[in-house]
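Asker: sequence first, predicted model second:
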Amino acid sequence: MFTSPMAVSATTEYQEIEWTELIPKDDLDLLLNPPAQLFEIEDGSAQDSITAASNSKQDEEVERYLNALSSSRIVDKYKKKSIKIPGFVVPLSSEDQSKITEFFIVPYFGACLHMPPPPPNQIIYVKYKQGIELRSLYEPFWFTGILMIETVENSMGSSAYSLHMNSITPYEEP
């Protein structure tokens with residue numbers, strides 16, 4: 001088992017959390033209720049991209065929505081909490097090409113591999129010196145450990161959180 005200064009005992013209770021809990025409430029409200037004018041944009045038109053929308057003059061509501069799409073704002077109450085969260089692995093580095101020692105945890109398959117990546121508050125960075133063997137990027141897992149507030153930037157994306165990981169197990173619905 002992985003041990004670190006932040007390691008917890010085998011009897012530790014992990015709080016199971018959803019990805020949306022890592023988004024501040026006001027950002028989540030914006031993401032769940034996009035401005036009405038965005039629904040008026042024709043699919044495939046020049047305005048149908050985040051880049052086009054962010055480059056044009058927008059009203060304040062659209063600007064706040066676009067900021068929420070790339071937010072690195074965090075939820076402080078999860079700092080140093082023992083959590084359990086489902087997710088997918090995005091490899092960043094490996095040891096001798098067999099075990100992944102550094103990776104992002106993301107909420108859905110393909111995040112970071114397709115553009116744009118999720119906002120930083122929807123990406124968790126992990127450095128795990130024992131490494132993990134990954135048979136498929138399609139494979140979901142449960143991750144447990146202590147969540148930290150830490151910004152990590154990488155060519156694949158940026159994270160607003162990191163996890164001192166204690167375990168990784170195949171995902172099974174409760």
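Answerer: Everything's here; your move. Numbers count the residues shown, from 1 in each chain.

Asker: when you work out contacts or count neighbours from here on, use the C-alpha atoms and nothing else.
Answerer: OK.

Asker: show residues contacting stretch 99-118.
Answerer: With contacts defined as Cα atoms under 8 Å, 6 or more residues apart in numbering, stretch 99-118 is touched by 19, 69-70, 86-95, 122-134, 137-138, 156-157, 159.

Asker: end to end on that stretch, go ahead and measure it.
Answerer: 25 Å (Cα to Cα, to the nearest Å).

Asker: what residues of that stretch count as buried?
Answerer: By 16 or more other Cα atoms under 10 Å, the buried positions in stretch 99-118 come out as 99-109, 111-112, 117-118.

Asker: mean confidence for that stretch?
Answerer: The average pLDDT within stretch 99-118 is 82.

Asker: tell me how far stretch 62-69 is from the chain's mean position?
Answerer: Remark: stretch 62-69 is offset 18 Å from the chain centroid, using Cα atoms, centre = their mean, to the nearest Å.

Asker: neighbouring contacts of it?
Answerer: Applying Cα under 8 Å, 6+ apart, the contact partners of stretch 62-69 are 27-28, 30-31, 34-35, 38, 50, 54, 118-119.
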